[in-house]
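1. mind folding the following:
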Amino acid sequence: MTETVECELCHKPIRSAVARARRIGSRCWRKLAPAQRAAIRRDPGLVRAVLTRPVPTADGQLPLEEQDLAQ
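-> Next up, the predicted model:
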């Protein structure tokens, strides 16, 4: 019996062996831009680490500085 693997993006079960290797389902894979696909192919472990990192807490405001507004 094979282990059930979930897509890192949508958390639905993955059936394809290729999709299981990259841990991103075919539906989500097709939605990614070519540059995003290339980044995942280069280092899938790094991408998974970023996806599983918790979102920082914030008060809802973007931290803008005066120098950011001058551009």
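2. in the helix or strand harbouring residue 49, which residues are buried?
-> If you go by DSSP states H and E, residue 49 is part of helix 44-52. For helix 44-52, burial by neighbour count (16 or more other C-beta atoms under 10 Å) applies to residue 47. The C-beta positions use only the backbone N, C-alpha and C, and glycine is treated the same way.
3. go on, stretch 6-19?
-> So for stretch 6-19, counting by 16+ other C-beta under 10 Å, buried means 7-8, 14, 19.
4. distance from the chain centre to that stretch, please.
-> Computed by C-alpha atoms, centre = their mean, to the nearest Å, the chain-centroid distance of stretch 6-19 equals 12 Å.
5. and for stretch 48-59?
-> 11 Å.
6. tell me the mean pLDDT for it?
-> The pLDDT scores in stretch 48-59 average 74.
7. now stretch 5-18
-> Mean per-residue pLDDT for stretch 5-18: 88.
8. which of the buried residues of stretch 6-19 fall in helices?
-> residue 19 (DSSP state H).
9. biggest separation within the buried residues of stretch 6-19, which pair?
-> Greatest spatial distance in the buried residues of stretch 6-19: 8 and 19, 10.5 Å, computed using C-beta to C-beta.
10. same list (the buried residues of stretch 6-19) but as JSON lines, adding distance to residue 43.
-> JSON lines is the format used below for these (distance: C-beta to C-beta, whole Å):
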{"residue": "7", "distance to residue 43": "18"}
{"residue": "8", "distance to residue 43": "14"}
{"residue": "14", "distance to residue 43": "19"}
{"residue": "19", "distance to residue 43": "17"}
